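>>> With the input below, show me the fold.
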Amino acid sequence: MKQQEGRIITVAKTLTVMLSVVLYFYMRSYASFNDSACGARATAMGGAFAAVPGGAEAMCSNPASLLEISSPELTAVYGRLYSGLSDDSRIGQGYFGFAAPVKRYLRGAAGFAWNDTRLSEAYSETTFSVSYATAVYRGLGAGLTLKYLRRGYVSDGYTALDPVFSDGYAKGALGADLGFFYRPAPRYAFGLTVKNLNRPDLGLAAADRLPVEVRAGASYAMQASLLDLDASFSGPDYTVAAGAEYSFQRRYSLRMGLAAGNNSRRTVNMGLGGRFGLAGFDYAFSLPIGGIAGTLGSHRLAFSFRFGPEADLRPAAEPAGAQRAPEKAAPPEEKTNIPQDDLNAAPARPAEPVPAQSDMLEQIESLKAELEKARAETEAVKARPGQGPAAGPAQPRPRQPAGGRRTYVVKDGDTLESVADKVYGDPERWPEIYRANTGAVGRGGEIRPGQVLVLP
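As a prediction, this is how the structure comes out:
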């Protein structure tokens with residue numbers, strides 16, 4: 001009886017060790033260290049996100065795209081990956097990211113993120129990252145991510161039998177990613193990311209360096225749609241992904257993506273999103289149709305919050321904090337309908353008026369003084385050089401609101417290039433205006449007459 005119990009225990013230990021080794025290599029292939037889509041929006045677009053401004057998700061795909069955020073953003077993601085596996089494994093993912101523009105000292109954008117993937121409390125991969133992006137030329141930005149990677153296993157009596165864990169159950173290393181984001185025109189953008197530049201070593205018993213991953217992408221933005229195409233190479237593996245996003249009612253989005261690579265790896269992805277004021281949500285579903293069998297797919301749900309005026313968060317007639325376009329002022333002589341003869345005749349009324357008549361006389365005297373002041377101002381304006389009728393129509397000029405920011409009122413036929421030419425005398429400086437009004441400018445750099453642009 002004791003011999004039979006000993007055999008059962010030995011078999012159980014052997015199976016446990018084998019399962020640990022299988023999980024080790026399984027998670028190496030599909031865990032977060034090799035996942036460029038940490039959030040729901042990027043996942044729904046098939047991971048084709050290198051040339052898409054990703055907000056607080058950008059640190060996983062391309063840190064240089066942080067330049068296009070217009071206000072601080074906070075994002076939290078929960079994922080259930082590869083649900084329905086035959087061994088009943090539960091793979092969960094959590095992501096937390098924060099990104100914000102930097103307007104003093106090192107001008108650009110910065111962010112930090114935490115990403116954690118766990119397999120049934122037996123295996124985990126954790127990443128802590130800090131990113132910074134800055135503009136290096138007109139329309140071109142560069143970004144750097146420094147990260148700490150940690151791979152860990154649960155310590156128990158069974159894993160102690162495996163020599164792989166003889167030196168410990170966890171290993172950490174430092175890594176670095178480099179990204180570039182180029183927008184030559186409002187509708188087009190290109191992205192390039194090189195991940196794991198230093199090939200961090202996360203091996204336990206032997207060296208296990210992460211491969212360098214190179215990902216390049218291009219995107220095209222229309223008024224209500226966004227298309228993106230990515231290609232990535234990591235050692236002998238490659239992946240090609242395409243994603244599309246359609247927005248409607250300036251609030252809701254529908255997304256779809258396809259990804260395919262070597263070793264029969266293929267996934268189909270879809271999702272949706274919505275934004276309500278300062279808060280928003282995104283959902284993504286990813287179903288492997290090759291490479292991984294016996295799974296019902298992966299789910300990711302993300303919630304985000306942006307700090308700042310609501311008008312800065314979506315395309316609108318004008319950004320928050322900007323003044324409205326001045327309405328055409330009426331001639332000073334029309335400020336009052338009281339004839340001049342009545343004003344001159346008013347003091348000649350009988351003396352010792354009743355109190356009601358006295359108040360009326362005071363109001364008339366006040367209106368008369370205001371009229372004289374307005375006339376004087378009008379004469380002064382007419383006397384200025386270039387202000388008369390012969391000077392022709394005046395060109396729109398930047399205004400200086402009370403808050404200290406310059407603004408420009410969009411006229412009919414204006415584009416970002418023409419505005420940059422009028423304001424700076426150089427149409428090639430349009431990316432500066434684009435970045436300063438990211439939340440107010442439509443897809444592809446669309447601007448509308450009457451819209452107020454903030455000028456950097």
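>>> from here on, contacts and neighbour counts on C-alpha atoms
Noted.
>>> how about low-confidence regions in the stretch 351-456 of the chain?
Counting by pLDDT under 70, the stretch 351-456 of the chain has low-confidence residues at 351-363, 366, 379-405, 439, 443-444.
>>> Okay, domains of the protein per the record?
In terms of domains, the chain is parsed into 2-308, 315-323+399-456, 334-384 (source: automatic domain parsing).
>>> roughly how far is the first one from the heart of the chain?
Between the mean C-alpha point of domain 2-308 and the mean C-alpha point of its chain there is a distance of 16 Å (C-alpha atoms, centre = their mean, to the nearest Å).
>>> Wait, residue 54 touches residue 60, no?
No. Here residue 54 lies out of contact with residue 60, judged by C-alpha atoms under 8 Å, at a distance of 9.2 Å.
>>> who does the helix or strand hosting residue 419 touch, helix- and strand-wise?
Per DSSP states H and E, residue 419 falls inside helix 416-424. The contact analysis (3 or more C-alpha pairs under 8 Å, 6 or more residues apart in numbering; DSSP states H and E) places helix 416-424 against helix 430-436.
>>> same for the helix it packs on, what does it pack against?
So helix 430-436, by 3+ C-alpha pairs under 8 Å, 6+ apart, packs with helix 416-424, strand 452-455.
>>> rewinding a little: residue 54 and residue 60 - which one has more neighbours?
residue 60 (28 against 23; other C-alpha atoms under 10 Å).
>>> Just confirm the more buried one is within a helix.
Yes. The assignment for residue 60 by DSSP: H, G, I helix; E, B strand; the rest coil puts it in a helix.
>>> Now do the same for it: its pLDDT.
Confidence at residue 60, expressed as pLDDT, is 88.
>>> low pLDDT regions in the stretch 101-250 of the chain?
For the stretch 101-250 of the chain, the ranges with pLDDT under 70 are 157-160.
>>> if you set the cut-off to 50 instead, what comes out?
Within the stretch 101-250 of the chain, no range satisfies pLDDT under 50.
>>> Check the gap between the most centrally placed residue in the chain and residue 213 for me.
By C-alpha atoms, centre = their mean, the chain has its centre lying nearest to residue 55, at 2.3 Å. Using C-alpha to C-alpha, to the nearest Å, residue 55 is found at 21 Å from residue 213.
>>> The residue nearest to the centre of the chain and residue 293, how far apart?
From residue 55 to residue 293 the distance is 33 Å (C-alpha to C-alpha).
>>> all helices for this structure, in order.
Here the chain has its helices, by DSSP state H, at 2-30, 40-44, 58-61, 340-345, 355-383, 416-424, 430-436.
>>> for the shortest one, packing partners?
Okay, so that is helix 58-61. Right, helix 58-61 is packed against strand 108-119 by 3+ C-alpha pairs under 8 Å, 6+ apart.
>>> got the contact list for the strand it packs on?
Under the criterion C-alpha atoms under 8 Å, 6 or more residues apart in numbering, residues 31-32, 38, 56, 59, 66-67, 69, 89-102, 124-135 lie in contact with strand 108-119.
>>> Out of those, which end up buried?
Neighbour counting by 16 or more other C-alpha atoms under 10 Å classes 31-32, 38, 56, 59, 66-67, 69, 89, 91-102, 124-135 among the contacts of strand 108-119 as buried.
>>> Just the ones in strands from these, please.
Among the buried ones among the contacts of strand 108-119, DSSP state E puts 91-102, 124-135 in strands.
>>> one step back: looking at the helices and strands packed on helix 430-436, which is nearest to residue 79?
strand 452-455 (38.1 Å; C-alpha to C-alpha).
>>> So what are the sheet partners of the closest one and their directions?
Its sheet considered, strand 452-455 pairs with strand 406-409 (antiparallel) by DSSP bridges.
>>> Give me the distance from the partner strand to the chain's centre.
With C-alpha atoms, centre = their mean, you get 24 Å for strand 406-409.
>>> Put the alpha carbons of it into PDB.
Output of strand 406-409 as PDB, limited to C-alpha atoms (Å, rounded to 0.1, in the frame of the first residue of the first chain):
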ATOM      1  CA  ARG A 406      -2.600  83.400 -28.800                       C
ATOM      2  CA  THR A 407      -5.500  82.200 -30.900                       C
ATOM      3  CA  TYR A 408      -6.600  82.300 -34.500                       C
ATOM      4  CA  VAL A 409     -10.100  82.300 -35.900                       C
END
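>>> buried sites along it?
Going by 16+ other C-alpha under 10 Å, strand 406-409 has these buried residues: 406-409.
>>> again, but for stretch 106-122
Within stretch 106-122, the residues that count as buried by 16+ other C-alpha under 10 Å are 108-119.
>>> Using JSON lines, lay out those residues together with distance to residue 304.
Formatted as JSON lines, the buried residues of stretch 106-122 follow (distance: C-alpha to C-alpha, whole Å):
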{"residue": "108", "distance to residue 304": "21"}
{"residue": "109", "distance to residue 304": "18"}
{"residue": "110", "distance to residue 304": "17"}
{"residue": "111", "distance to residue 304": "14"}
{"residue": "112", "distance to residue 304": "15"}
{"residue": "113", "distance to residue 304": "13"}
{"residue": "114", "distance to residue 304": "15"}
{"residue": "115", "distance to residue 304": "16"}
{"residue": "116", "distance to residue 304": "18"}
{"residue": "117", "distance to residue 304": "20"}
{"residue": "118", "distance to residue 304": "23"}
{"residue": "119", "distance to residue 304": "25"}
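>>> picking that back up, so what's the residue nearest to the centre of the chain up against?
65-66, 68-69, 73, 99.
>>> Of those, which pair is most distant in space?
Farthest-apart pair in the contacts of residue 55 is 65 and 73; separation 13.6 Å (C-alpha to C-alpha).
>>> and those two? which has more neighbours close in?
With other C-alpha under 10 Å as the criterion, residue 65 and residue 73 differ in neighbour count, and residue 65 comes out ahead with 34 against 22.
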